[in-house]
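>>> sequence plus the predicted model coming up.
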Amino acid sequence: MYLVLLVFFLFPSITDAQCAMCRAVVESDVDGSTAEGINNGIVYLMAIPYVLVGVLFYFVYKKLRS
């Protein structure tokens, strides 16, 4: 585990996680609106699991308190 993290921090260029098509679209965009849209989509996809887990923990907490 620590070895993987060490490699990620020492060699960030080999840990790029963009697919070739996404990278090409973002690099070809002049005004940056596509990059902003992709970043918003990533944040949206990242936030949904946290919200769902939070709601689940809320209901479990509420059930255990009653």
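Happy to help now that I have it. Residues are numbered from 1 along each chain as shown.
>>> from here on, just use CA atoms for contacts and neighbour counts.
Fine.
>>> just checking, what packs against whichever helix in the chain runs longest?
In the chain, taking DSSP state H as the definition, the longest helix is helix 33-65. Using 3 or more Cα pairs under 8 Å, 6 or more residues apart in numbering; DSSP states H and E as the contact criterion, the elements in contact with helix 33-65 are helix 20-28.
>>> contacts for the helix it packs on?
Residues from elsewhere that reach helix 20-28 (Cα atoms under 8 Å, 6 or more residues apart in numbering): Gly32, Thr34, Ala35.
>>> what comes up buried for it?
Using 16 or more other Cα atoms under 10 Å as the test for burial, helix 20-28 gives Val26.
>>> and it with helix 33-65, angle?
Interaxial angle of helix 20-28 relative to helix 33-65 (axes from the mean of the first three to the mean of the last three Cα atoms, to 10 degrees): 120 degrees.
>>> state the mean pLDDT of helix 20-28.
Mean per-residue pLDDT for helix 20-28: 78.
>>> and it, C-alpha only, in CSV?
Taking Å, rounded to 0.1, in the frame of the first residue of the first chain, the C-alpha atoms of helix 20-28 are listed here in CSV:
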residue,chain,number,x,y,z
ALA,A,20,-7.3,9.6,-24.3
MET,A,21,-10.6,10.9,-25.6
CYS,A,22,-11.3,13.1,-22.6
ARG,A,23,-7.8,14.5,-22.7
ALA,A,24,-8.1,15.3,-26.4
VAL,A,25,-11.4,17.0,-25.9
VAL,A,26,-10.2,19.1,-23.0
GLU,A,27,-7.0,20.1,-24.7
SER,A,28,-8.7,21.1,-28.0
